[in-house]
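S.K.: Below: sequence and its predicted model.
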Protein chains: 4
Amino acid sequence: MAKPNVVTKAQLIEAAKQCVVESGIENLTLRTVAAKANVSQGTIYHHFQTKERLMLDIVEDTCRASWRDLQDPADAETFIHRALRSAQSRQGHDSSFHQLFLSLVVISLHNQQMKDRIGSVMKAENEELTRILQTLYAESPVNGLSHATVAILLNALIDGLAIQSLMIEQFPREEVFQSLQVLVESFIRSDHTRMGG
Amino acid sequence: MAKPNVVTKAQLIEAAKQCVVESGIENLTLRTVAAKANVSQGTIYHHFQTKERLMLDIVEDTCRASWRDLQDPADAETFIHRALRSAQSRQGHDSSFHQLFLSLVVISLHNQQMKDRIGSVMKAENEELTRILQTLYAESPVNGLSHATVAILLNALIDGLAIQSLMIEQFPREEVFQSLQVLVESFIRSDHTRMGG
Amino acid sequence: MAKPNVVTKAQLIEAAKQCVVESGIENLTLRTVAAKANVSQGTIYHHFQTKERLMLDIVEDTCRASWRDLQDPADAETFIHRALRSAQSRQGHDSSFHQLFLSLVVISLHNQQMKDRIGSVMKAENEELTRILQTLYAESPVNGLSHATVAILLNALIDGLAIQSLMIEQFPREEVFQSLQVLVESFIRSDHTRMGG
Amino acid sequence: MAKPNVVTKAQLIEAAKQCVVESGIENLTLRTVAAKANVSQGTIYHHFQTKERLMLDIVEDTCRASWRDLQDPADAETFIHRALRSAQSRQGHDSSFHQLFLSLVVISLHNQQMKDRIGSVMKAENEELTRILQTLYAESPVNGLSHATVAILLNALIDGLAIQSLMIEQFPREEVFQSLQVLVESFIRSDHTRMGG
DNA sequence: TATGAATGAGAATTCATTCAT
DNA sequence: CATGAATGAATTCTCATTCAT
């Protein structure tokens, strides 16, 4: 007993994320994580010194993933559609992303370090979307609102819809997201000068 | 030793809600609630038979409050302004409402009963807002979208902004909510005006 | 399951002291204490919030006992004989007192609160013995040494002998303590003016 | 990866002794020792097969050191002064020796092997001091007590004073040890002088 | 030799829950 | 109704020890 190198940190984080989605972050125990990863509890403590550290690493991992998606090179125009489509897919059968995200948000309400990390990513997402909107429209697509504000509202929309989608049985996902797409397209087709390609 | 009627159920629920906001729903213990309400743990068991029932009652209480707000008689036009203003005030100094709401949402992800209750209220809110929009506009204020969809999007916006406001240090609350008000007013003043136009 | 008032704090402390003597303070676990007291571990936490608090209470209890012995009314002359005899009896078959005492001393080396408590009792014992010596002899019984110093040396002698007695197999307890008694009596019989009765 | 001869057993024992003095024998862990010696935990297991053996080796090392001091060639008369002076210096700024000694004594209360080892050294110290007293005085320096008993009492005095010195804040070290020296000198200068006279 | 990942037994501690008063 | 002592299961965490490299 003591086989070396049976798991990596990444595998443990993955197992932990699954546990959160499966049984709720309030029920996340290291016993469960260890079981899911097929290692002993001690192993978890060898990699993360405390449960809090593991949770911080889950946040870190999730944030890094979001950031990677963001940086994914793509021409600006398709960016928003891609975002919408990915958001939609996340809501349906595979709602795990938003479950995890919301769980981390709630836990971070009483953990400044987590809050800082998540907050910084959300801010970065707003800024990235702002940049993209600026590429698409010389003037803001919505009268009277700055590009930055439109970006904030769009990102808020995604998160707010995720909540409704998670909570409301038979939420009309398809319809709403198609409407959103229509809305966004109406920006793009609108008579405002289009700049970036 | 038995002082009668020292506390009411409502007081205990209030205490529990405070505990959630102060130390996180993941740290909600009956000991804490009892301490905050200045009663013994046993007392809590006389009012709620289990911890889960207490949490269900918190949800119930929170939902009923939302519903009461909704039913509050007021002419349709001012409804949205009132909603926006209240949403805004909830985000700034007194963010506790949204903290509580999000916490309950996350917990309910693994509690069907809670999920049903919260989901039904969110659905009702969508429907109520739909009704109001129908009162205000013969046709939907946003081209191509049904009244119901606009309602969903507006409500999603509120929740999504709440998250950003809770997570992002120095989130531009004032600016964003004024923009939102501008946006909504542009609906009201100009029937049939396209959102993006 | 939950029979009220099955144990008192005093009983738990007694059980803990027995555990220390039986298996060493370095092996003191709350599981053991609970088992010895026939209660659950939770019960121990109901009375003492932490293990450290329990240990502080053991110290407190032991110190209070020492102090009570000290205050025990007795004419000064017999005091020392009584002390010697009790010290001796503590060393032989019933060495538990000194085992406990030394264990607490060692633990307290890294616990200021415990150290303060034990230190204050030891100081008080020195002072009490000084007072008694002053009652017995106008001038110090040992040439060139103050009453206080003689008291310190005598008390040190007791502790030092306890260690030897605990560690050395077949330590000549009888012989040494009779010698000590002879020595002390030689003080009393000496040509120095005797005062108190 | 295997650097040869990075540490010697002696270095590990030294590290362990430091750990005991710094954080208490009850908190001695192999992790701590390894950290202090800048080696891995595995390395400790190459030198000592178990934690208990490490502790036995600490005892062995400490006892051997005492014994070495004892054998140190010196004329009998100065022996006692040297002992007193070294004892005194051990108590003040550098109290670590007695901290370690007492810790080992307490642990050995429930480890026969350690007890035997420490006991044998204490006995040897008594015997050596007896021999020295016999060299100095034809008859015992204290009327009615054998040389052996006086030796035991003197050694007990050293240990007992060490405890007081460790526990009592502002223990009058200087004064007491000078008194002790006066006392011992009174033996040496006046053969046959009665201690109490 | 030396390493350090892995282990499992057991430590302290928490907590929902029960029950006699 | 209200209390609070008692419970036991579960949780976080520690640590001596093993073993493949």
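M.R.: It's in.
S.K.: Residues of chain A that sit close to chain D?
M.R.: Residues of chain A lying near chain D by C-beta under 8 Å from any C-beta of the partner chain: none. Where you see a C-beta, it was placed from the backbone N, CA and C, and this is true even at glycine.
S.K.: where along chain A do the helices fall?
M.R.: Here chain A has its helices, by DSSP state H, at A:9-23, A:30-37, A:41-47, A:51-71, A:76-91, A:96-108, A:112-136, A:147-167, A:173-189.
S.K.: Turn the ones you listed into CSV, columns for distance to D:E14 and mean neighbour count.
M.R.: Formatted as CSV, the helices of chain A follow (distance: least, C-beta to C-beta, whole Å; neighbours: other C-beta atoms under 10 Å in any protein chain shown):
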stretch, distance to D:E14, mean neighbour count
helix A:9-23, 35, 19
helix A:30-37, 36, 18
helix A:41-47, 28, 15
helix A:51-71, 33, 16
helix A:76-91, 59, 17
helix A:96-108, 45, 22
helix A:112-136, 39, 19
helix A:147-167, 59, 23
helix A:173-189, 69, 17
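S.K.: which one of those lies closest to D:E26?
M.R.: Nearest of the helices of chain A to D:E26, taken as C-beta to C-beta: helix A:41-47 at 21.5 Å.
S.K.: just how off-centre is that closest one within its chain?
M.R.: Relative to the centre of its chain, helix A:41-47 is centred 27 Å away, using C-alpha atoms, centre = their mean, to the nearest Å.
S.K.: again with stretch A:159-175
M.R.: From the chain centre to the centre of stretch A:159-175 is a distance of 16 Å (C-alpha atoms, centre = their mean).
S.K.: That one and chain B in contact?
M.R.: Yes. For a cut-off given as C-beta under 8 Å from any C-beta, stretch A:159-175 has contacts with chain B, namely A:159-161, A:163-164, A:166-169, A:172, A:175.
S.K.: Quick one: end-to-end distance for that stretch.
M.R.: Taking C-alpha to C-alpha, to the nearest Å, stretch A:159-175 runs 17 Å from one end to the other.
S.K.: Next, the contact list for A:D159, please.
M.R.: Contacts for A:D159 (C-beta atoms under 8 Å, 6 or more residues apart in numbering or on different chains) come out as A:98, A:101, B:156, B:159-160, B:163-164.
S.K.: with these in mind, which one is nearest to DNA strand E?
M.R.: Nearest to DNA strand E among the contacts of A:D159, counting by C-beta to the nearest atom of the strand, is A:F101 at 24.9 Å.
S.K.: wait, doesn't that closest one sit right on A:C63?
M.R.: No. With contacts counted by C-beta atoms under 8 Å, A:F101 stays clear of A:C63, the gap being 9.9 Å.
S.K.: residue ranges with poor pLDDT in chain A?
M.R.: Along chain A, the model assigns pLDDT under 70 to residues A:1-2, A:70-83, A:85-94, A:187-197.
S.K.: if you set the cut-off to 80 instead, what comes out?
M.R.: For chain A, the stretches flagged by pLDDT under 80 are A:1-5, A:66-94, A:141, A:143, A:184-197.
S.K.: Minimum distance to DNA strand E, which residue of it gives it?
M.R.: Closest to DNA strand E within chain A is A:G42: 2.3 Å, counting by C-beta to the nearest atom of the strand.
S.K.: ok, that residue to A:D61 distance?
M.R.: 22 Å (C-beta to C-beta, to the nearest Å).
S.K.: quick check: domain ranges of chain A?
M.R.: A:1-49, A:56-189 (automatic domain parsing).
S.K.: Format the ones you listed as TSV; extra columns: distance to B:L136.
M.R.: Converted to TSV, those look like this (distance: least, C-beta to C-beta, whole Å):
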stretch	distance to B:L136
domain A:1-49	40
domain A:56-189	19
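S.K.: of all those, which lies closest to C:L129?
M.R.: Here domain A:1-49 is closest among the domains of chain A (C-beta to C-beta), at 50.8 Å.
S.K.: How far away from the center of its chain is that closest one?
M.R.: Computed by C-alpha atoms, centre = their mean, the separation of domain A:1-49 from the middle of its chain amounts to 22 Å.
S.K.: hmm, it in reach of chain B?
M.R.: Yes. Counting by C-beta under 8 Å from any C-beta, chain B has neighbours in domain A:1-49: A:23-27.
S.K.: Pull the residues that contact stretch A:54-61.
M.R.: A:9-10, A:12-13, A:16-17, A:20, A:28, A:30, A:33, A:44, A:48, A:104, A:107-108, A:111, A:113-114, A:117-118.
S.K.: Residues of chain A that sit close to DNA strand F?
M.R.: Within chain A, the positions near DNA strand F by C-beta under 7 Å from any atom of the strand are A:1-4, A:27-31, A:41-42, A:45, A:49-52.
S.K.: can you rerun that using 10 Å?
M.R.: Counting by C-beta under 10 Å from any atom of the strand, chain A comes close to DNA strand F at A:1-5, A:23, A:26-35, A:40-46, A:48-55.
S.K.: if I look at the closest residue to A:K9 other than its chain neighbours, how far off is A:A37?
M.R.: The shortest distance from A:K9 to any non-neighbouring residue, by C-beta to C-beta, 6 or more residues apart in numbering or on different chains, is to A:H47 (5.1 Å). Per C-beta to C-beta, A:H47 is found 10 Å from A:A37.
S.K.: any common contacting residues for those two?
M.R.: Both A:H47 and A:A37 are in contact with A:7, A:12, where contact means C-beta under 8 Å, 6+ apart.
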